[in-house]
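S.K.: pasting the sequence and the predicted coordinates here, then a few questions.
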Amino acid sequence: MITKRKKTVLQAVLDQGVSRRDFLKMCTALAATMGLDFSESDKVVEAMETKERVPVVWLQFQDCTGCSESFIRTTHPKAESVLLDMISLEYTEVLSAAAGHQAEEAMHHVLKNYKGEYILAVEGSLPSEEGCLTVGGIDAKETFQEMAAGAKAIIAYGSCAAWGGIPAAGPNPTNAKPVTSFMKDTPVMLVPGCPPIAEVMTGVIGHIITFGQLPELDHLGRPKAFYRHRIHDKCNRRAYFDAGLFVESFDDEGSKQGYCLYKVGCKGPTTYNSCAEMRWNGGVSYPIQSGNPCIGCSEAGFWDNGPFYTRRAKIPGTQTTINPDNVGLAATALTAAGVAIHATGTVIKKKMDDKRGGGE
Amino acid sequence: MADLNVNPGQNPIITETGKEVKGTSETTLLPHRAAKYNTITNTHVKIYVWELPVRVWHWINFIAIFALMITGIYIGKPFASASIAEDAYYSYLMGWARYIHFFCAFIFTANMIFRQYWVFKGNRYAISHPFRKIFWVETWETIKFYLFMRHKKPHFIGHNPLAQLSYIIFMGLGSVFIIFTGFFLYFEPQPESVYGNMFFSWVPFVFGGDSYTVRSWHHLVAWAFMGFTVIHIYLAFREDYLQRNGTMSSIFTGYKMEPKKYVGEKDEK
């Protein structure tokens, strides 16, 4: 296993009987996935020819394995070429054949031999409460902190690892927090989504292999290449938004015509992700294209951001969402009622003062 | 009290018995920025309270907020659909709503910056003194006045301190909130532009982290403006009704009619 990893990516590919031509195709596709300019694809080729496969440890905490499921459905590059050629997946609960002590040993082997070289991929949030999550009898927090300290970089896959996600949604019984709350110093990249897009998951690994460092991150720590724009900015239904043509309910004519889903609760205007460009299942479609409003799964606290099919506003600092216009209108009406009462009082008082003969 | 006589008129308050009493924040502070007035009757003066820039600012603000509120509610909850329910090509309803909203937002912002300048340039009725104790003492007396309680609220020619406080909270703080959250939302499609960087580097951290919370702030503060407007208009009419001093016309003309004693003069017999 160790000798296999010492091979470069190119060697690993050729050993599997893949032609160099196909290798170049793979590199070009990967460059495109990573959001690189076409002229930079030779950098990817060079990296894959010279760099060794990167050891990866994939830890799962409070999650649903959806991120792993998404990952293995990547098409550009294909999952098998990522798993077998580009990286050396040393520890993973979903895909590994080994189990029990054998698997645990593999993880510690990485920590011992590849300190500062391996990538730690994390899926799921961590509970702050003791004993809520143990793997092999060890508290997950300890395992994470031990592995995080020795990692070259951490990739927080999915909304749970990045923001806390569903385990951290109210009432949050385990006091779950994003993995970033339990670590320091190691460079970390957030790849939120529930799950993240498969090609995004592999694209960021490809970037680390190619350039030896994390891609450019935005103000929240997400790779800019994939989280630069909102879904709304690139939406295929955007023209209907600007035109003022909206789906009012899921069985109306507008729904059949493919009008904008804003009024049925689309969270596209507040969601940063590349669904509208990358799309899902090998670029076939994405929720809005298929007629379902975006639920904003890659945003912090998305599970608490109100019903999926209604437009709401959040009361800042709480997990409560309200219909801002109804509440605002009610508050204004209440104010007007208060004004009417106060005005009546003012008139009565003035009449009384006038009768008494001294206004001042 | 000696220096109060530097600018005769508007400084000491003379009660009906002819005795000088301690002035209000309005009559004692900033004597060099006192407003001009003319004697018009034996008992009253016509005082120029709201200077032209303040009035222009007020009405631009009114128009901007009115347009922003209507287009803003439409953007949050599109209450009308395009009349031609066909291809997107034929209509631009939301596009226009947003265009007007953004246009008015820039006017609103520029107007607010100008008004901040006028705080230092205008007359004494253009400024507040929230860092002085007397401001809060008078605010409390004003609250008691509005609650029909026994109070020692003196008459204010300009805004009373409670009104000033409401402007600081809604027009000041509220505008800061709505302007910064608004520009964050405006530049969301261009986070890496110069302007985008100006807001993305800090707005989301101050206003709850994600785009949704920033948007919620923007929406809720907008409704706070609505509530403010209702109270503001009511209290202006109320002042006019109780004082009969031309409060309502003063926002058009700038002048209020005030008894002479409030500017420190005695009635002529």
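M.R.: Looks like it came in fine.
S.K.: now find how far off-centre stretch B:121-132 is within its chain.
M.R.: Centroid separation for stretch B:121-132 versus its chain: 12 Å, with C-alpha atoms, centre = their mean, to the nearest Å.
S.K.: actually, stretch B:214-221.
M.R.: For stretch B:214-221, the distance to the chain centre is 20 Å (C-alpha atoms, centre = their mean).
S.K.: ok, that stretch near chain A or not?
M.R.: Yes: residues of stretch B:214-221 contacting chain A under C-beta under 8 Å from any C-beta of the partner chain: B:Arg215, B:Ser216, B:Trp217, B:His219, B:Leu220. Bear in mind the C-beta positions are built from the backbone N, C-alpha and C, glycine included.
S.K.: nearest to chain A: which residue in the stretch 101-250 of chain B?
M.R.: Residue of the stretch 101-250 of chain B nearest chain A, by C-beta to the nearest C-beta: B:Trp223 (3.1 Å).
S.K.: give me the neighbour count for that residue.
M.R.: 21 (other C-beta atoms under 10 Å in any protein chain shown).
S.K.: tell me the phi and psi of the nearest residue to it once chain neighbours are set aside?
M.R.: Closest residue to B:Trp223 apart from its sequence neighbours, by C-beta to C-beta, 6 or more residues apart in numbering or on different chains: A:Gly328 at 3.1 Å. Reported as degrees, to the nearest 10, the phi and psi values for A:Gly328 are phi -60, psi -40.
S.K.: can you list the low-confidence ranges for chain B?
M.R.: The model of chain B has pLDDT under 70 over residues B:1-23, B:269.
S.K.: so where do the helices sit in it?
M.R.: Applying DSSP state H to chain B gives helices spanning B:25-28, B:52-76, B:93-121, B:133-146, B:161-166, B:175-186, B:194-200, B:203-206, B:211-243, B:247-253.
S.K.: export those helices to a markdown table and tack on distance to A:Ser285?
M.R.: Below are these laid out as a markdown table (distance: least, C-beta to C-beta, whole Å):
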| stretch | distance to A:Ser285 |
| --- | --- |
| helix B:25-28 | 66 |
| helix B:52-76 | 28 |
| helix B:93-121 | 24 |
| helix B:133-146 | 60 |
| helix B:161-166 | 52 |
| helix B:175-186 | 28 |
| helix B:194-200 | 30 |
| helix B:203-206 | 30 |
| helix B:211-243 | 24 |
| helix B:247-253 | 57 |
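S.K.: pretty sure the residue nearest to B:Trp223 sits against B:Met226.
M.R.: Yes: if you go by C-beta atoms under 8 Å, A:Gly328 and B:Met226 touch, sitting 6.3 Å apart.
S.K.: settle it for me: which of those two has more neighbours?
M.R.: Using other C-beta under 10 Å as the criterion, A:Gly328 and B:Met226 rank with A:Gly328 on top: 22 against 16.
S.K.: residue contacts, the more buried one?
M.R.: For A:Gly328, the contact set (C-beta atoms under 8 Å, 6 or more residues apart in numbering or on different chains) comprises B:His219, B:Leu220, B:Ala222, B:Trp223, B:Met226.
S.K.: closest one to A:Gln257 out of those, please.
M.R.: For the contacts of A:Gly328, the residue nearest A:Gln257 by C-beta to C-beta is B:His219; the value is 28.5 Å.
S.K.: ok, that closest one - contacts?
M.R.: Counted by C-beta under 8 Å, 6+ apart, B:His219 has contacts A:Ala313, A:Pro324, A:Gly328, B:Gly72, B:Gly76.
S.K.: and those residues, which of them are buried?
M.R.: A:Ala313, A:Pro324, A:Gly328, B:Gly72, B:Gly76 (16 or more other C-beta atoms under 10 Å in any protein chain shown).
S.K.: re earlier: among the contacts of B:His219, which pair sits farthest apart?
M.R.: Pairwise distances across these peak at 12.1 Å for A:Ala313 and B:Gly72 (criterion: C-beta to C-beta).
S.K.: mind listing what A:Gln145 touches?
M.R.: A:Phe182, A:Met183.
S.K.: one more: the one 5 residues further on?
M.R.: With contacts defined as C-beta under 8 Å, 6+ apart, the neighbours of A:Gly150 are A:Leu111, A:Lys115, A:Gly116, A:Tyr118.
S.K.: from chain B, how far off is it?
M.R.: Noted for A:Gly150: a distance of 30 Å to chain B, by C-beta to the nearest C-beta, to the nearest Å.
S.K.: B:Met198 versus that residue, what's the distance?
M.R.: Note on A:Gly150: its distance to B:Met198, by C-beta to C-beta, to the nearest Å, is 39 Å.
S.K.: swap in B:His58?
M.R.: From B:His58 across to B:Met198, the span is 29 Å (C-beta to C-beta).
S.K.: equivalent analysis for B:Arg124, please.
M.R.: As defined by C-beta to C-beta, B:Arg124 lies at a distance of 35 Å from B:Met198.
S.K.: check the stretch 101-250 of chain A for the residue nearest chain B and tell me.
M.R.: A:Gly244 (2.7 Å).
S.K.: so where is chain A shaky, pLDDT-wise?
M.R.: For chain A, applying pLDDT under 70 flags the ranges A:1-5, A:358-360.
S.K.: from the centroid of it, which residue is nearest?
M.R.: In chain A, the residue lying closest to the centroid (C-alpha atoms, centre = their mean) is A:Pro192, at 1.0 Å.
S.K.: now that one: phi and psi?
M.R.: Per degrees, to the nearest 10, the backbone of A:Pro192 is at phi -70, psi 170.
S.K.: quick one, what contacts it?
M.R.: A:Ala156, A:Gly158, A:Ser159, A:Ala162, A:Trp163, A:Arg222, A:Tyr227, A:Asn273, A:Cys297, A:Ser298, A:Glu299, A:Ala300.
S.K.: okay, domains of chain A per the record?
M.R.: Following automatic domain parsing, one gets these domains for chain A: A:2-227, A:229-322, A:325-360.
S.K.: need the contacts of B:His219 in CSV (columns: distance to B:Thr27).
M.R.: Putting the contacts of B:His219 into CSV (distance: C-beta to C-beta, whole Å) gives the following:
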residue, distance to B:Thr27
A:Ala313, 44
A:Pro324, 43
A:Gly328, 39
B:Gly72, 40
B:Gly76, 45
